[in-house]
Each structure stands twice: as structure tokens, then as C-alpha cells.
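# how does the following fold in three dimensions:
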Amino acid sequence: MNADTGAVNSLLRYELSAVDTYDQAMRSFEDQHVLADLQKIRADHSRAVQLLQGQASRFGEQQVESPGAWSAFTAASEMSKTLGLA
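Prediction:
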């Protein structure tokens, strides 16, 4: 694995984590305007995932499919702090 591949895979994990985080956050809101805004941000991260997966494929690397347990925990922890739950 070269440095570019490692960087793409790291970014891919972060973006996957962001998508998961927005999925979790959207469960905490009922306001449709807030949910619409969060959905737009989530969609941006989802598009980034698709682009980065394309880059990983070009490098001939196996695509990262999950942010991993640590990333998911970190994202959930940060979201809890942001929402005042922690």
C-alpha cells in the first residue's frame, strides 16, 4: 500500500463515520427543517464516500466498507457532546 492509498482509505473511513454520525443524529431531531439540513450534509458525505471508493478502486485496493469500531465510537461520542448528552 502506498501513501496515496493509505490517505484515501483514511479519508474514506472518516467519511463513512460522518455518514453514520448523521444517521444517528437525525434520530434525535423531530423538526423537519433541521432534518432536511442534516440530510443534505449527510448526502454530501455520502457523495464523498462514493468518490473515495472510486479512487481506492483505481489504486487497485480493496474498498473500505466500514469506519471501524473506533471511528464509530469517536463520532458517537463527539455527537453526544454536541447534543449535550455527555
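# all helices of this structure, in order?
Taking DSSP state H as the criterion, the chain carries its helices at 3-26, 32-58, 68-82.
# which of those helices sits most buried?
Each of the helices of the chain was assessed for mean neighbour count using mean count of other C-beta atoms under 10 Å. The highest is helix 3-26, with a mean of 18. No exception for glycine: its C-beta is placed from N, CA and C like everyone else's.
# ok now that one, how far from the chain's centre?
Distance of helix 3-26 from the chain centroid (C-alpha atoms, centre = their mean, to the nearest Å) equals 4 Å.
# what angle separates it from helix 32-58?
Using axes from the mean of the first three to the mean of the last three C-alpha atoms, to 10 degrees, the interaxial angle of helix 3-26 with respect to helix 32-58 works out to 160 degrees.
# send over helix 3-26 as PDB, restricted to the C-alpha atoms.
Coordinates of the C-alpha atoms in helix 3-26 are reproduced here as PDB (Å, rounded to 0.1, in the frame of the first residue of the first chain):
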ATOM      1  CA  ALA A   3       1.000   6.700   0.800                       C
ATOM      2  CA  ASP A   4      -1.800   7.800  -1.500                       C
ATOM      3  CA  THR A   5      -3.800   4.600  -1.000                       C
ATOM      4  CA  GLY A   6      -3.400   4.900   2.800                       C
ATOM      5  CA  ALA A   7      -4.600   8.500   2.700                       C
ATOM      6  CA  VAL A   8      -7.600   7.600   0.600                       C
ATOM      7  CA  ASN A   9      -8.500   4.800   2.900                       C
ATOM      8  CA  SER A  10      -8.200   7.100   5.900                       C
ATOM      9  CA  LEU A  11     -10.400   9.700   4.300                       C
ATOM     10  CA  LEU A  12     -12.900   7.000   3.400                       C
ATOM     11  CA  ARG A  13     -13.100   5.800   7.000                       C
ATOM     12  CA  TYR A  14     -13.700   9.400   8.200                       C
ATOM     13  CA  GLU A  15     -16.400  10.000   5.600                       C
ATOM     14  CA  LEU A  16     -18.100   6.600   6.400                       C
ATOM     15  CA  SER A  17     -18.000   7.700  10.100                       C
ATOM     16  CA  ALA A  18     -19.600  11.000   9.200                       C
ATOM     17  CA  VAL A  19     -22.500   9.300   7.400                       C
ATOM     18  CA  ASP A  20     -23.000   7.000  10.400                       C
ATOM     19  CA  THR A  21     -22.900  10.000  12.700                       C
ATOM     20  CA  TYR A  22     -25.500  11.900  10.700                       C
ATOM     21  CA  ASP A  23     -27.700   8.800  10.700                       C
ATOM     22  CA  GLN A  24     -27.500   8.700  14.500                       C
ATOM     23  CA  ALA A  25     -28.000  12.500  14.900                       C
ATOM     24  CA  MET A  26     -31.100  12.500  12.700                       C
END
